[in-house]
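Undergrad: Below are the sequence and a predicted model; questions follow.
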Amino acid sequence: MILDALNREPGFPFHDGEMAGRICGFDWPMTVLSLIAGWPQSLKTSTAMILDSPVAN
């Protein structure tokens, strides 16, 4: 849960589904992408579009 709090950015991801939870629960600081708050807007937008897709559900 601590990792979830570190990875969350207000308003992103826009969904509370399973995949959004997995994205927030993943250890992003251990990758080159780092914290979600530092992601480029284009990556956040692309991720949100995928999560909004009915295929992602």
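TA: Here it is on my side, so go on. Numbers count the residues shown, from 1 in each chain.
Undergrad: Past the helix or strand of the chain with the lowest mean pLDDT, which element shows up next along the chain?
TA: Taking mean pLDDT, DSSP states H and E as the measure, the helices and strands of the chain show their lowest mean at helix 2-7, namely a mean of 52. Proceeding C-terminally, helix 2-7 gives way to helix 18-25 as the next helix or strand, assigned by DSSP states H and E.
Undergrad: so how far is the longest helix along the chain off the chain centroid?
TA: What stands out as the longest helix in the chain, according to DSSP state H, is helix 41-52. Chain-centre distance of helix 41-52: 9 Å, with C-alpha atoms, centre = their mean, to the nearest Å.
Undergrad: Please find the angle between the direction vectors of it and helix 18-25.
TA: Interaxial angle, helix 41-52 versus helix 18-25 (axes from the mean of the first three to the mean of the last three C-alpha atoms, to 10 degrees): 150 degrees.
Undergrad: Quick check: mean pLDDT of helix 41-52?
TA: Here helix 41-52 scores 86 as its mean pLDDT.
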